[in-house]
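Visitor: Pasting the sequence and the predicted model now:
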Amino acid sequence: MNQSAKVRALIACCALASIFTGFSARLVQLQVTDHDEYAAIAAEKHVGKQTIYARRGIIMDINGQTLAGNDPVRDVIADASLITSPADVAGLLAQPLGLDENDLTAKLATGRRYIVLKKEVPEATAMELENRLTVHGIRGITFDQDSDRVYPNGTMACHVVGFMNSDHQGVQGIEAQEDEYLRGHEGYRYVERDRSGNELVAYRGEERAPRDGYNVRLTLDMNLQNIVENEIDAACAEFKPKKVIVIIMRPQTGEILAMANRPNFDPNEVSSGSSDYLQAHASGMINCAIADEMEPGSTFKMVTASGALNEHIVQPDSIIYCENGAFNYGGRFLHDHHPYGDLTVDDVLIKSSNIGAAKLALGLGEERLYGYIRAFGFGERTGVALPGEIPGLVYPPQRWSKLSITRIPMGQEVAVTPIQTLSALCAIANGGHLMMPQIVHDITDANGEEISSFAPVEVRRVISPESAREMTEAFKGVVSPKGTAALAKVSGFVVAGKTGTAEKIDPKGGYLPGKYIVSFCGYLPADNPAFACLVMLDDAQTTPEQNYGGMVAAPIFSRIGEKVARYMNLEPQPDEPAGDEVITQRDHD
């Protein structure tokens, strides 16, 4: 071989060696130096983290009836990087999804890898679309499993149950209060897909199963709730009030058996996210039973009378001189609806004498009266497991005027909530124990195993059993022909209770003429109550002669009480003699 041939051979060998060295260096770079970077790019294209949604827990009543449940739905997701013909895909999807075809085409033409096309598509629609896309060989559209919150009872118990927003967060009611238990924890899995977008099950990676939300069982009984809601609707049709509130509670335990308000709303409509609906029903979404405060009127006389009896300042038959209807104290006159002379303590409650209540308070004194007001739970939240409860307003004696000691006993100069009023009444009904109102009975997991249960909670003893019994005897007289709540009578049962008629406060000062909040709260059977009930109406449209708690709220209580007693299968009892004195309509407080 001549010299030139050797040189050419050497050059060729060097060139080949350089080429293979370059390939080797590049191979080392790809598989060693830049391995992590390119592995991540490959994983991004073919491996994805898939969310496994947790089922939200169910809310149910005491009997297991579903108040808030779940319907399976799908979220339609697009990976536009895999879509070669956006217009064809849009033509298949637009009409079934209720979307504009041009807008959908524009979205799919962006090339973005994650586009939410439509949320909460019904399961049947999603399956039909999935089959249609498969037939046409279209890739890039996935259907993620989700669920839609549904409220099968519509408006019934809406303020207690609450609702969810578009981000699947609980808003108001139990949905908000117990959201941590209800929502559960989502799981995930890493999946690998081939070039066609199909999952390679054999290469499925790390996976964590979801933990479904816990189920919440309430103390509400929907049979009783239905009774209450129907009677509220009837009251709205008859009196056209601005608000109606009814609560039923078990005095011994504080369990809330029914709670309803008007105005109300449909949580199914709220969850759909309609801004028009939200605006129109904003006021109706407030749970007035726990979030409205008002002067209570004469129902508040139970505090003063209980305190006076408990302190042994008076006995039930002690005589109070009621000044023949006009009592001058602090330079101002306090009036009764009728001129009364001597009344027993019982009759002060039976006739609902403002002057008699004021004199009982004067016997107690400011500090002791204030102590009993706070002991009965006024001026503080009851602790019921519902969001939005307010404490009401009770000023300490240092902020009282000279007249306050005579005005507070008749339910002025204080602001209370309906649930506070009923809780205070229950403390008398059960022998003197103030119980925390209870709305959640227990929480269980998806298998029915108990996670938490809630026993009755006694807040404090307020009055002695003897004083409670004496108050019950007086309250029996209120629901008698000579009392202010004769129309609250329930055939076959002895009822105890108290009426209230409070002038509505004018935000500008003073009171609104002819505007009243009327109420009746009572319990039966009086000596061993199975339930207590509060009925309250704001600004009932009726004649001035009829606009009293005893004329408007008491008959509603009677109708509710009769149906509830029948549902609870209570044993009727012989009526106790209640005297033969019948009062006029003006005596109905």
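Guide: Received the coordinates, thanks. Numbers count the residues shown, from 1 in each chain.
Visitor: Do you know the pLDDT at Glu123?
Guide: At Glu123, the model reports a pLDDT of 79.
Visitor: ok, and the closest non-adjacent residue to it?
Guide: With CB to CB, 6 or more residues apart in numbering as the criterion, Glu123 has its nearest non-adjacent residue at 4.8 Å, and that residue is Pro72. C-beta coordinates here come from the backbone N, C-alpha and C atoms, glycine included.
Visitor: can you check Leu422 too?
Guide: Leu534 (4.2 Å).
Visitor: Pull the number of nearby residues for the one you found.
Guide: Neighbours of Leu534 under the rule other CB atoms under 10 Å: 27.
Visitor: partners of the helix or strand containing it in the sheet?
Guide: Per DSSP states H and E, Leu534 falls inside strand 531-538. Taking DSSP bridges as the criterion, strand 531-538 forms sheet pairs with strand 243-249 (antiparallel), strand 511-524 (antiparallel).
Visitor: I'd like to know how far Val160 sits from Gln172.
Guide: With distances taken as CB to CB, to the nearest Å, Val160 is found 9 Å from Gln172.
Visitor: Pull out the buried positions in stretch 529-547.
Guide: Neighbour-count burial for stretch 529-547 flags 529-540, 542, 547 (criterion: 16 or more other CB atoms under 10 Å).
Visitor: Worst mean pLDDT among the strands paired with strand 531-538?
Guide: Among the strands paired with strand 531-538, strand 511-524 carries the lowest mean pLDDT (a mean of 94).
Visitor: Please give the centre-to-centre distance between it and its chain.
Guide: In terms of CA atoms, centre = their mean, to the nearest Å, the centre of strand 511-524 is set 24 Å apart from its chain centre.
Visitor: contacting residues around stretch 57-71?
Guide: Residues from elsewhere that reach stretch 57-71, judged by CB atoms under 8 Å, 6 or more residues apart in numbering: 55-56, 123, 147-153, 157, 161, 174-175, 178, 181-184, 212-223, 225, 267, 441.
Visitor: Which positions in it come out as buried?
Guide: Under 16+ other CB under 10 Å, the buried positions of stretch 57-71 are 57-62, 65-70.
Visitor: For this structure, give me the ranges with low pLDDT.
Guide: Low-confidence segments of the chain (pLDDT under 70): 1-2, 6-7, 22-23, 25-52, 188-207, 271-282, 574-588.
Visitor: How is it divided into domains?
Guide: If you go by automatic domain parsing, the domain ranges for the chain are 51-218, 222-272+293-567.
Visitor: distance between the ends of the last one?
Guide: End-to-end distance for domain 222-272+293-567, by CA to CA, to the nearest Å: 12 Å.
Visitor: what does stretch 309-317 give?
Guide: End to end - CA to CA - stretch 309-317 spans 11 Å.
Visitor: what about it, distance to the chain center?
Guide: The chain centroid and the centroid of stretch 309-317 are separated by 40 Å, computed with CA atoms, centre = their mean.
Visitor: Residues contacting that stretch, please?
Guide: Contacting residues not belonging to stretch 309-317 are listed as 308, 320, 344-346, 360, 363-364, 368, 372, 463-464, 467, 470-471, 473-474 [CB under 8 Å, 6+ apart].
Visitor: Please enumerate the strands of the stretch 1-150 of the chain.
Guide: For the stretch 1-150 of the chain, the strands defined by DSSP state E, counting those that start in this stretch cover 47-52, 59-60, 66-78, 115-122, 141-150.
Visitor: same deal with the stretch 301-450 of the chain?
Guide: Going by DSSP E, counting those that start in this stretch, the stretch 301-450 of the chain shows strands at 319-321, 326-329, 332-335, 342-344, 433-435, 440-444, 450-453.
Visitor: now what about the longest one, what contacts it?
Guide: The reference is to strand 440-444. With CB under 8 Å, 6+ apart, strand 440-444 has contacts from 62, 174, 177-178, 181, 214-219, 255, 385, 450-454.
Visitor: Please apply the same query to the fifth one.
Guide: Under the contact criterion CB under 8 Å, 6+ apart, strand 433-435 has outside partners 251-254, 375-377, 423-424, 426-427, 456-462.
Visitor: List buried residues within these.
Guide: By 16+ other CB under 10 Å, the contacts of strand 433-435 give 251-254, 375-377, 423-424, 426-427, 459, 462 as buried.
Visitor: Mind putting the residues you listed into TSV with distance to Val495?
Guide: Shown next, in TSV, are the buried ones among the contacts of strand 433-435 (distance: CB to CB, whole Å):
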residue	distance to Val495
Pro251	13
Gln252	17
Thr253	20
Gly254	20
Ala375	25
Phe376	21
Gly377	23
Ser423	19
Ala424	18
Cys426	15
Ala427	18
Val459	26
Val462	22
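Visitor: Of the contacts of strand 433-435, which belong to helices?
Guide: If you go by DSSP state H, the contacts of strand 433-435 have 375, 423-424, 426-427 in helices.
Visitor: Spatially, which two of those residues are the most separated?
Guide: Based on CB to CB, the longest span within the ones in helices among the contacts of strand 433-435 runs between Ala375 and Cys426 and measures 13.9 Å.
Visitor: just the helices in the stretch 1-150 of the chain please.
Guide: 3-28, 35-46, 86-97, 101-108, 123-135 (DSSP state H, counting those that start in this stretch).
Visitor: Which helix or strand contains Gly561?
Guide: Secondary structure assignment for Gly561, by DSSP H and E: helix 549-567.
Visitor: Which residues are in contact with the spatially closest residue to Asp346 that is not a sequence neighbour?
Guide: Spatial nearest neighbour of Asp346, excluding adjacent residues (CB to CB, 6+ apart): Ala474 at 4.3 Å. Shown here is Ala474, whose contacts under the criterion CB under 8 Å, 6+ apart are 305, 316, 345-346, 349-350.
Visitor: From Glu367, how far off is Cys322?
Guide: Distance from Cys322 to Glu367, by CB to CB: 25 Å.
Visitor: Look at those two and report which has more neighbours.
Guide: Neighbours were counted for Cys322 and for Glu367 using other CB under 10 Å; Cys322 has more, 25 against 9.
Visitor: residues contacting the more buried one?
Guide: Per CB under 8 Å, 6+ apart, neighbours of Cys322: 336, 340-343, 348, 353, 355-356, 359.
Visitor: show me where the stretch 351-500 of the chain has helices.
Guide: 354-364, 366-375, 404-407, 418-429, 465-478.
Visitor: Check the ones you listed for me and report the most buried one.
Guide: Comparing the helices of the stretch 351-500 of the chain by mean neighbour count (mean count of other CB atoms under 10 Å), helix 418-429 ranks first with a mean of 28.
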